[in-house]
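Undergrad: Just a sequence and a predicted model for now, questions to come.
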Amino acid sequence: MNKKKNISQFRNIGIMAHIDAGKTTVTERILFYTGKSYKIGEVHDGEAVMDWMQDEQERGITITSAVTTCEWKQSLIQIIDTPGHVDFTVEVERALRVLDGAIGVFCAVGGVEPQSETVWRQADKYAVPRLAFINKMDRTGADFFSAVKSIKDKLRANPVMIQLPMGSEDHFSGVIDLIHMKQITWDDETKGAQYSADDIAPEFELEAAEYRDKLLEAISEVNDDIMEKYLSEEEISAEELIRAIRGATISRKIVPVLCGSALKNKGIQPLLDGIELFLPSPVDVPPLKGIHPETNETVDCLPKKNAPLAALIFKVSMIEGRKLSFVRIYSGRIESGSDVYNPLLKKNEKLSRILQMHANKRERLKEATAGDIVGIVGLKDSGTGDTLCSQDHPVFLEKMEYEDPVISIAIEPKTHADQEKLDDVLEKFMIEDPTLKVRKDEETGQTILSGMGELHLEIIISRMLKEFKTNVNVGNPQVVYREILNAKSKGSAVFEREISGKAHFANISISLKPLNRGDGVTFACKVGNDQIPEQYLPGIEKGIKESLEGGYLKGYPLVDIGIMIESGSFDERSSELAFSVCASMACKDALENASISLLEPIMEVEIFVPDAFMGDAISDLNARGGKVESINPKAGIQIVKAVVPLARMFGYSTALRSASQGRGTFSMHFSRFDKV
């Protein structure tokens, strides 16, 4: 691999989409045409390079984001292929956090689907410039213009077509390039490796001219130079147009739209050209801002090899029991065998090896510099979201935030040997996956696993058995509820006790009040040092928050509560321990007098069902306490959107399959917590 490329030739991109839109197939074709793979791996044969885990191959879905590097013309493209299933949204989130650009892959039949909306919003959050690729143009029901319209309507984006398909469904034969006004067709005998750009066939000339004009009009709205030439009807060269499209894409004013059929090997090389021409390099996006850990000043992490080091660990994998950290280097350089500083842990860590990743294969590197995405072996204590820098120039990069789990299962080891392995295996999973939570149930002694959905937990159990040879019995899934206050409540307590021969004293009164949904738990104190010295406040806050974590009604965490210290007193016997215990007692007193409700997770469900089975699907939803929000017909299929309590959705995939003779599909993602 040629590592001497200039950083302006780097393209760090992600491929993101709804499940089954074909993004792994798109990635496989990219690897084939850039010479990275010698044969095309198919998802449906379980041979895709990027889906290397056994579970991914068996299920035909992407579970973990894979990193790879390839070259195209003048560019070095580093790609992260992300999962499309909603249970693995965190994989998409952490990939988008470190990317400079992305490709949204959309199915020409389905257009914008629920999970593509979710990942698009995540890309908005991180201000990532995007291209759109309308895939599966060869499928029955493919409609390019309808898919583009859904990008505009559902994602509120500004899609600009830079290509047109030549026909669709069985008649899809190639694409028309509206920038150079050529038609591109692919040679089937070379699996699409050979392609030709020719003059546009007469039957497509009128449509091509019409959409070329629409392209110029769209670009003139975001570029003054093009507007001047467009209005005065001057000739606009392809080079000028490419420059204008690049500027508007990087500033996120437009989303260029391309099309093709990855499975039929059509449309991928122009997409690679689009990545090179329109998506930013690390120097085209504003430099990442960090915070100096001591002074809290803002630090610019400039994308230069000779700048101070700033790198972010965005993912950790435990492969064959060894810890592999995936790192994006924003500025500076790292060398194999050198030390790096973790400002969160305030300690140095040694990099034993730096690896260039290609899915689960890897190649050793002596050094990596700004713009690189690499694997690192040797970091003992650093975890996902941690910053690596140099001790002389410490910097914190913003940590990632994750949603809370919504579903739990109880597990217990089958044999004594499994018992010994279980804690170790779970620890490895938690290092890898920040959305997985593990706790011990004190009453039953069972281990409770909490995750983002049934499939998420199913894969964890499957990996325990296949990768770590650990057998467990699994209890039925349980929904993770929350508790909330309905009205303000007050509580007080006095703590006066002798512990290990030492007297302790504290006296405190608090009030708890309900906050708006999603506000979290806040803490404030309205008394002065004369009633409660400031050094005791951290202990008080800890005591109350721990009490709220344990819940009151059913043991689920209490959320969206404002804590206020109303009054208190202390004497020479007082200590932080005394105030912490006293605050916990006052909190329990306040909860005993309070009105409390349970909240349950409500899921947004989108169901695709053939017309003939529509009635059965809706009556099943009603029986589950679901509320149907909309029904949209589309080419023989009805798309039903509904909200349903998660507790009623267990086993739904089996029920839907039997109600629709196996032809119905659905996707589900967390919407909100609501009162039971």
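TA: Everything's here; your move. Residues are numbered from 1 along each chain as shown.

Undergrad: which parts of the lengthiest helix in the chain are buried?
TA: Scanning the chain for the longest helix, with DSSP state H as the assignment, gives helix 202-220. Buried residues in helix 202-220, counting neighbours by 16 or more other CB atoms under 10 Å, are found at 204, 208, 211-212, 215-216, 218-220. The C-beta positions use only the backbone N, C-alpha and C, and glycine is treated the same way.

Undergrad: And the furthest pair within those residues?
TA: Phe204 and Ser220 (23.7 Å; CB to CB).

Undergrad: What lies in contact with stretch 574-582?
TA: With CB atoms under 8 Å, 6 or more residues apart in numbering as the contact definition, stretch 574-582 has outside contacts at 493-495, 499, 504-508, 532-533, 535-536, 538-540, 542-543, 568, 570.

Undergrad: Please produce a ChimeraX select command covering the buried subset of these.
TA: This is how ChimeraX selects the buried members of these, with burial counted by 16+ other CB under 10 Å:
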select :493,495,504,505,506,507,508,532,536,539,540,542,543,568,570
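
Undergrad: give the contact list for Ile254.
TA: Contacts of Ile254 by CB under 8 Å, 6+ apart are 158-160, 218-219, 222, 245, 248.

Undergrad: Closest to Leu271 out of those residues?
TA: When the contacts of Ile254 are compared for distance to Leu271 (CB to CB), Ile245 wins out at 14.2 Å.

Undergrad: What residues are bridge-paired with the residue nearest to Ala310 when sequence neighbours are not counted?
TA: Take Ala310 and drop its neighbours on the chain: the residue closest to it by CB to CB, 6 or more residues apart in numbering is Cys301, 3.9 Å away. Listed beta-bridge partners, Cys301: Leu288 (assigned using DSSP bridges).

Undergrad: returning to that earlier point: so what touches the longest helix of the chain?
TA: For helix 202-220, with CB under 8 Å, 6+ apart as the criterion, the contacting residues are 158, 160-162, 164, 166, 176, 178-179, 181, 183, 200, 226-227, 230-231, 236, 241, 244-245, 248, 254.

Undergrad: Helices of the stretch 501-650 of the chain, residue ranges please.
TA: When secondary structure is read from DSSP state H, counting those that start in this stretch, the stretch 501-650 of the chain shows helices at 537-549, 576-592, 614-623.

Undergrad: which other helices and strands contact the last one?
TA: Using 3 or more CB pairs under 8 Å, 6 or more residues apart in numbering; DSSP states H and E, the elements in contact with helix 614-623 are strand 596-610, strand 627-634, strand 637-645, helix 652-659.

Undergrad: Report all helices and strands that the longest one contacts.
TA: Taking 3+ CB pairs under 8 Å, 6+ apart as contact, the helices and strands that strand 596-610 lies on are strand 482-485, helix 614-623, strand 637-645, strand 665-675.

Undergrad: pLDDT averaged over the third one - what is it?
TA: Right, strand 637-645. For strand 637-645, the mean per-residue pLDDT is 89.

Undergrad: Tell me which strands that strand pairs with, and in which orientation.
TA: The pairing partners recorded for strand 637-645 under DSSP bridges are strand 596-610 (antiparallel), strand 627-634 (antiparallel).

Undergrad: that older thread, count residues in the vicinity of the residue nearest to Ala310, would you?
TA: With neighbours defined by other CB atoms under 10 Å, the count for Cys301 comes to 25.

Undergrad: residues touching it, list them.
TA: Applying CB under 8 Å, 6+ apart, we find Cys301 in contact with 287-290, 307, 310, 330-331, 395, 397.

Undergrad: again, only using 7 Å
TA: Taking CB atoms under 7 Å, 6 or more residues apart in numbering as the contact definition, Cys301 lies against 287-288, 290, 310, 330-331, 395.

Undergrad: for Gly101, same thing?
TA: Applying CB under 7 Å, 6+ apart, the residues near Gly101 are 11, 13, 128-130, 279-280.

Undergrad: I'd like the distance between the closest residue to it other than its chain neighbours and Lys469.
TA: Take Gly101 and drop its neighbours on the chain: the residue closest to it by CB to CB, 6+ apart is Leu279, 3.4 Å away. Applying CB to CB, to the nearest Å, one obtains 43 Å for the distance of Leu279 from Lys469.
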